[in-house]
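> just a sequence and a predicted model for now, questions to come.
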Amino acid sequence: VLSFIIFICYIASLAASFMMAPLLEFLLALFLFFAYASKLNEKFKGVYWPLADFLRCVTAAIIYFAISIAAVSKYNDGASKAAGVFGFIATIVYAIDFYITFNDLVTFLKQGSSDSPEERKSEDEDSDSDSD
């Protein structure tokens, strides 16, 4: 929602050249929302969904911070200032989401790495018993 508000503010401002970043971020967030809601993450196991969400959060926080500084410092109209302020708020929101997603990603990676040695160990035991 915040990305969409920022997108609208940039459309109405003199800083319309910055409108593509919030639009893409809004569409990515919408895609990931529907992917999780429709359980695509369970159907497509080959995609590391927590990593995709983590990278989206990191890039969004960096991009929003950069374009917000540019919008606030370079343009004097009210819509650019509003977009910049909302961009700083979005930076904080994405940083918090980055932290939460990072914890989920670490848990996901630990879970994946703990499964692998057990599977290898059970396969090694099976191959040892087959050779007897």
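Alright, I've got the coordinates. Quick caveat: nothing in here was measured; it's all calculated off a predicted structure. Numbers count the residues shown, from 1 in each chain.
> any regions of this structure where pLDDT drops low?
Within the chain, the stretches with pLDDT under 70 are 112-132.
> which strand or helix spans the closest residue to Phe102 other than its chain neighbours?
Sequence neighbours aside, Phe54 is the residue nearest to Phe102 in space, at 6.2 Å (criterion: C-beta to C-beta, 6 or more residues apart in numbering). In short, each C-beta sits where N, CA and C put it, glycine included. Counting by DSSP states H and E, the element that carries Phe54 is helix 49-74.
> tell me the spacing between the spatially most central residue of the chain and Ile92.
The centroid of the chain falls nearest to Arg56 when counting by C-alpha atoms, centre = their mean (2.6 Å). Arg56 is 16 Å from Ile92, where distance means C-beta to C-beta, to the nearest Å.
> before we move on, what about Ile8?
With distances defined as C-beta to C-beta, the gap from Ile8 to Ile92 amounts to 20 Å.
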